[in-house]
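Engineer: could you work out the structure for the sequence below:
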Amino acid sequence: MPRVETYGPGTVAPTALPSARRQAHETVASQGGAIGAALADVGAQVANRAITTYDQFTRVERQRADEVANLTTVRRFNELENALLHDPESGILAKTGLAPMEGRDQVLEAFDTASGEIGAGLTTDEQRIFFAQQKVARRGSVADRVDTHASNQLQVYEAREMDALLTSTVNTAIANATDRVNGPRIIAEQLAAQEQAIDTVGPRRGLGPDARADLKAKLRSETHVGVIERLLAVDQDVRAQSYFEGVQDQITDAKERTRVTALLEAGSLRGRAQRTSDAILATATTLDEAMGPVKAITDPKERDEVQGRVEHAFAVRAGQERVAHEAMVTKGKNIVDRTGDWRRIPFIEWEQYNVGEAGQIKQYAENKARGVTVQTNPNTYAELTELARSTDPVKRKAFQQTSLPLFVNHLSTSDYQHFVDLQASTRAGDEEQTRKLLSNTGVQNQIVDAALVSMALDPSPPQPGATTFDPVTAARVADFRRAVREAVTRLEQRPDRVGKPATDAEVLAITDQLRTPTGRRVVKDRLWPLSAITGPTYAFETAQAQAATVEDIPPGERRRLADIMRQEGVAPTDTRVLRYFNLLLQHTRKDR
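Structural biologist: Numbers count the residues shown, from 1 in each chain. Here you go, the predicted structure:
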């Protein structure tokens, strides 16, 4: 079987191997340790360098983060200041008067609250230190600016309040001047309030002793003059004179004292005249009776003043009596309108009617009973209008004093009311309303006059009694004016025109229609029966008036109708214009 050889004494050679050398015990160095140590040292250096670099990086980033946080802190403090100080609606620097001072603590509390919110999110000591520095500096700045603004506003407010107080003391003294019981005490209190305010606030406003003394004197003088003027205004001239005598030395301005003296003289004259005239008017029943004691006054100025007052008082009485009388007659007219019977008017009132008024009311009742509609007399209308329009004060006064019930049978219902309204406005001195009521009358009268002239008719023909009076011409002029007035009234009474007066253009169209030639007129001469006076007749005096050809239509009316047709998209042929015109003429003439 096989055999494994073993090492034994007989097989181990006694000598070493040729290439082997026996040495001392092995060390780190003998095993390559120097190189390892060197490598270890290099590794340590690299590690240390990495740690140092990381620490430096961390410090830089941390510093950068602190700086960014500080920027945010500054921004938020800026926004906080802007909100608290400069906001247009809520900012303390936008407030005036006492509001800045009253809101100071509230602003600082809001600053502290918001500051706490700003500091709450900080993470490092450096950030918190910067925040604390900013908070202290910013709070001090806010407080200083609020305090400065509040102080300035308080100064302005104080000055304004002082001025208002001084003005109110003068006004209060004047307002209580007529109070015989409390007035003197209140005036004295207001004068004392003036001095106290000036002494208290004046120094803070930079007023020295002389300036304060001058201001006190000025206000005292102003107060006394106002009190005197107030007393004179309510005819307490005796009290005004007595007050002046007690305070005249305190009215330091010589010119003002002279002016007040003149006012007192005039006021005393007025007061004496008033007392005298009141005594005369208390006993006199007529102006003639009152003039006796007036003439007995020896002072010329006082006599003139008393006479003027007495005459004015009797004029007012007469006016009041006239208005009351007119109201009574108008009441009678209204009774006739309701009942148709003038006998229903109370007898005690009927007795006070004058002859003309009684006759007019009776005739008015008879017309009502017969169903006659009153038509406006053009001459009456023109005469009353001329009086109302006149710039002559005598004529205007005559219109104001005219008894309109005398014209109930000469004016249509609407025209009668027109003059009632016009008279009321002129009596009241309401020029604006008068102009409104007369706004179209002047121009429209000129339109009618021009139409009469175009028909060779005198717009103002001689009246009965004149040597040149022509009854035919006068009647034709009156008929034309009446026809125009009736057509205008019908136009204004249409349901779609209620409250709208006729325009000038509409009146012009009416006059053009009524002055259209419709034929020839023949008037026999009484002395020479075989002779005749011929002339054109016009639509206003022709029943069922019609224009024969388009040439008969006045040019202005023809153009107006053509324009209307064009606006409606209709060709304005002569046939259409003539037909349209005749339809309008029938309505204007009220022909049915």
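
Engineer: could you list the domains of this structure?
Structural biologist: Segmentation of the chain into domains, based on automatic domain parsing, reads 176-283, 440-592.

Engineer: residue contacts, Thr516?
Structural biologist: 538-539, 545, 547, 552-554, 581, 585 (CB atoms under 8 Å, 6 or more residues apart in numbering). Where C-beta positions appear, they are placed from N, C-alpha and C, glycine not excepted.

Engineer: show me the residues you listed that map onto helices.
Structural biologist: 581, 585 (DSSP state H).

Engineer: please identify, among the contacts of Thr516, the one with the most neighbours.
Structural biologist: Using other CB atoms under 10 Å as the neighbour criterion, Ala539 leads those with 27 neighbours.

Engineer: so that one is in contact with Arg515, correct?
Structural biologist: Yes: counting by CB atoms under 8 Å, Arg515 is a contact partner of Ala539 at 6.9 Å.

Engineer: in TSV, list the domains of the chain along with distance to Val372 and mean pLDDT.
Structural biologist: Shown next, in TSV, are these (distance: least, CB to CB, whole Å; pLDDT from 0 to 100):
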stretch	distance to Val372	mean pLDDT
domain 176-283	48	90
domain 440-592	14	78
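
Engineer: out of those domains, which is closest to Lys331?
Structural biologist: The closest of the domains of the chain to Lys331 is domain 440-592. By CB to CB, the value is 25.3 Å.

Engineer: centre of the chain to that closest one, how far?
Structural biologist: 46 Å (CA atoms, centre = their mean, to the nearest Å).

Engineer: same for the top helix by length along the chain, what does it pack against?
Structural biologist: Longest helix of the chain, by residue count under DSSP H: helix 125-175. If contacts are counted by 3 or more CB pairs under 8 Å, 6 or more residues apart in numbering; DSSP states H and E, helix 125-175 sits against helix 33-81, helix 99-102, helix 104-120, helix 183-201, helix 209-233.

Engineer: and the last one, what's buried?
Structural biologist: For helix 209-233, a neighbour-count test (16 or more other CB atoms under 10 Å) marks 212, 215-216, 219-232 as buried.

Engineer: any idea how far Gln401 is from the residue positioned nearest the centre of the chain?
Structural biologist: By CA atoms, centre = their mean, the chain has its centre lying nearest to Glu432, at 17.4 Å. Counting by CB to CB, to the nearest Å, the gap from Glu432 to Gln401 is 22 Å.

Engineer: ok, the closest residue to Thr178 other than its chain neighbours to Ala175 distance?
Structural biologist: The shortest distance from Thr178 to any non-neighbouring residue, by CB to CB, 6 or more residues apart in numbering, is to Val234 (5.7 Å). From Val234 over to Ala175 the distance is 12 Å, taken as CB to CB.

Engineer: how many other residues sit next to Val420?
Structural biologist: 15.

Engineer: now do Arg259
Structural biologist: Arg259, neighbours per other CB under 10 Å, totals 14.

Engineer: cool, Pro572 as well?
Structural biologist: Neighbour tally, Pro572, other CB under 10 Å: 17.

Engineer: Arg559 is in contact with that one, correct?
Structural biologist: No: judged on CB under 8 Å, Pro572 makes no contact with Arg559 at a distance of 9.3 Å.

Engineer: for the stretch 251-400 of the chain, give me the ranges with low pLDDT.
Structural biologist: The stretch 251-400 of the chain contains no residues with pLDDT under 70.

Engineer: just the helices in it please.
Structural biologist: Along the stretch 251-400 of the chain, counting by DSSP state H, counting those that start in this stretch, helices occupy 254-283, 287-295, 300-339, 347-350, 355-370, 378-389, 393-400.

Engineer: deepest-packed of those helices, please.
Structural biologist: helix 378-389 (a mean of 19; mean count of other CB atoms under 10 Å).

Engineer: just how off-centre is that one within its chain?
Structural biologist: With CA atoms, centre = their mean, you get 37 Å for helix 378-389.

Engineer: just name whatever secondary elements it is in contact with.
Structural biologist: helix 393-400, helix 413-427, helix 441-454, helix 471-492.
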